[in-house]
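> coords below, sequence missing:
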């Protein structure tokens, strides 16, 4: 696997994670882990981090 392919694949996975977290926020899906509700703030953080990692990955794929 080349560096460019790896960067594209990782960026696509992070983009999918960001999209799913955003869908969770928009649709209002609740998540419960071990009896504790996960707040939507956690999803906003996940959207931001995963989106940034996706952007960096696609940018790195273009440069390599």
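Right, received. Where do you want to start? In this text the structure is predicted, and so the values were computed from the model without any measurement.

> At which residues are the strands of the protein located?
Using DSSP state E, the strands of the chain run over 32-33, 36-37.

> So the closest residue to residue 7 other than its chain neighbours versus residue 8, what's the distance?
In space, and not counting its chain neighbours, residue 7 is closest to residue 61: 3.8 Å by CB to CB, 6 or more residues apart in numbering. C-betas here are computed from N, CA, C, even on glycine. Relative to residue 8, residue 61 is positioned 5 Å away (CB to CB, to the nearest Å).

> Residue 50 is nearest to which of the strands of the chain?
Across the strands of the chain, residue 50 has its closest neighbour in strand 32-33 (18.3 Å, CB to CB).

> residue ranges of the helices in the protein, please?
3-27, 40-63 (DSSP state H).

> And the contacts of the first one?
I take that to be helix 3-27. 1, 29, 31, 40, 43-44, 46-47, 50-51, 53-58, 60-61, 64 (CB atoms under 8 Å, 6 or more residues apart in numbering).

> Listing request: residues of the chain with sub-threshold pLDDT.
Within the chain, no stretch falls below the threshold (pLDDT under 70).

> Thanks a lot, see you next time.
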